[in-house]
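1. Mind folding the following:
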Amino acid sequence: MQPIQTIDEFFIRSGAEVTIYHMGRRVTACARDTLASFEQGQIAWPEPWQGQARIAAVFRLGDMPEPAIWFLALPLDEQGLLSPAQRDGFLNRLIETLGKNVAKVGQNVKDVDHLMKDNPLAFTPSVTFQAMLNAYATLERGLPASQHFEPVDAYLSGQLAIDWQALGLQGIADYTVRLDDTQAEALTSRLATLPTSVVHSLCYCLEHQPLPEPVVLALRETGEQAASRGDMETLCACIRAVGSTSQSAVGDWYSSLLEDTHACGPDVLAAIAGRGWLLLEDAYRLPLFLTRLAEDERTNFAAVVRDIALVPRLRLPVMMALRDAPADSAVQRRLAVMTQAASR
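-> Okay, here's the model as predicted:
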């Protein structure tokens, strides 16, 4: 039998029921074909984060009573392709621990869990990312939401006046992935009245999925009201919340933020780059974003440029925008500094 050469092949050979999720820039489903092609060096990772392909593999082997979860951060090279050394080391350890008969892995659940201990590929997602993964996985399996869902739904719809501090983050995540038109309408009218802490938690869950336009517009209004009070944290949370929504309403808001030099500080730029990168695939916004990034001396221009250039769909547009920047521009000055640093 041929040796196992990829993580995807391990799951195929073991007969596992597995679902893969992106866990880098956002929590969202990842096609098995994407992982397979990436591991074979055929494609760059579509949603890189901090130079890594971060995934969650939710799987069940054999007689496992509950699915196991592996959180893996696969290192990328400068082209966004897999750097395979650590992955190969993990596979070697996998075979050594579980034996060559991977079809019987389900009989050794403790061994499966043990593989994540002292594993250089393993990472621990933020609590919000974990809550969103649980919400998506539960919905995917057709299981009911957590016990925290109903109080959150009742509170956000205005049906129940309860202490907001009693709301569970898992309930907010469950509410987000199950958001229907009726709930979206209620949320739109209620958003401006919510406590700041609830708005933040809600935004950090909403950022993982596309939103209806009324919710987008309500988030923009909430963010702009917060900015007028000097509350930049809430503004950035709202900017992040709409980042997975490829609508003109979001593009228009991002454009207006980038056009306003007073509104466009390092935190706003980081929110757009980290969660709203889809909206940077635009011939007007991307050069403007790079200009604002270069003009603000508080930003790490080189790090942000490298980060967004790893996103395959942004790589060429970023390179072209940098190339076409005027000779005396802030972008060219920052590029000169990058070049000097690289040549030392």
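2. List the contacts of the closest residue to Thr6 other than its chain neighbours.
-> Closest residue to Thr6 apart from its sequence neighbours, by CB to CB, 6 or more residues apart in numbering: Glu39 at 4.0 Å. (Glycine included, C-beta is placed from N, CA and C.) Going by CB atoms under 8 Å, 6 or more residues apart in numbering, Glu39 touches 6-8, 82, 84, 87.
3. Show the subsequent helix or strand relative to the helix or strand hosting Ala226.
-> Ala226 is located in helix 213-228, with elements delineated by DSSP states H and E. Counting by DSSP H and E, the next helix or strand C-terminal to helix 213-228 is helix 232-241.
4. Quick one: list the elements packing against that next one.
-> Under the contact criterion of 3 or more CB pairs under 8 Å, 6 or more residues apart in numbering; DSSP states H and E, helix 232-241 touches helix 196-206, helix 213-228, helix 248-259, helix 266-275.
5. thinking again about what came up before, and the residue nearest to Thr6, what's its pLDDT?
-> Note for Glu39: predicted pLDDT of 98.
6. same deal with Gln107?
-> 53.
7. Looking only at stretch 237-251, what residues are buried by neighbour count?
-> 237-245, 247, 249-251 (16 or more other CB atoms under 10 Å).
8. Export those as a markdown table, with columns for distance to Glu140 and pLDDT.
-> A markdown table is the format used below for those (distance: CB to CB, whole Å; pLDDT from 0 to 100):
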| residue | distance to Glu140 | pLDDT |
| --- | --- | --- |
| Ala237 | 26 | 98 |
| Cys238 | 28 | 98 |
| Ile239 | 28 | 98 |
| Arg240 | 24 | 98 |
| Ala241 | 22 | 98 |
| Val242 | 24 | 98 |
| Gly243 | 22 | 98 |
| Ser244 | 18 | 97 |
| Thr245 | 21 | 97 |
| Gln247 | 25 | 93 |
| Ala249 | 29 | 97 |
| Val250 | 26 | 98 |
| Gly251 | 30 | 97 |
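9. So which residues of the stretch 51-200 of the chain form helices?
-> With DSSP state H, counting those that start in this stretch as the criterion, the stretch 51-200 of the chain has helices at 85-98, 109-114, 127-140, 149-156, 169-177, 181-190, 196-206.
10. which stretch among those helices comes nearest Trp45?
-> Trp45 lies closest to helix 85-98 among the helices of the stretch 51-200 of the chain, at 12.2 Å (CB to CB).
11. unless I'm mixing things up, Arg220 is touching Tyr254, no?
-> No: Arg220 lies out of contact with Tyr254 (CB atoms under 8 Å); the separation is 10.0 Å.
12. more crowded one of these two?
-> Tyr254 (24 against 21; other CB atoms under 10 Å).
13. All set now, cheers.
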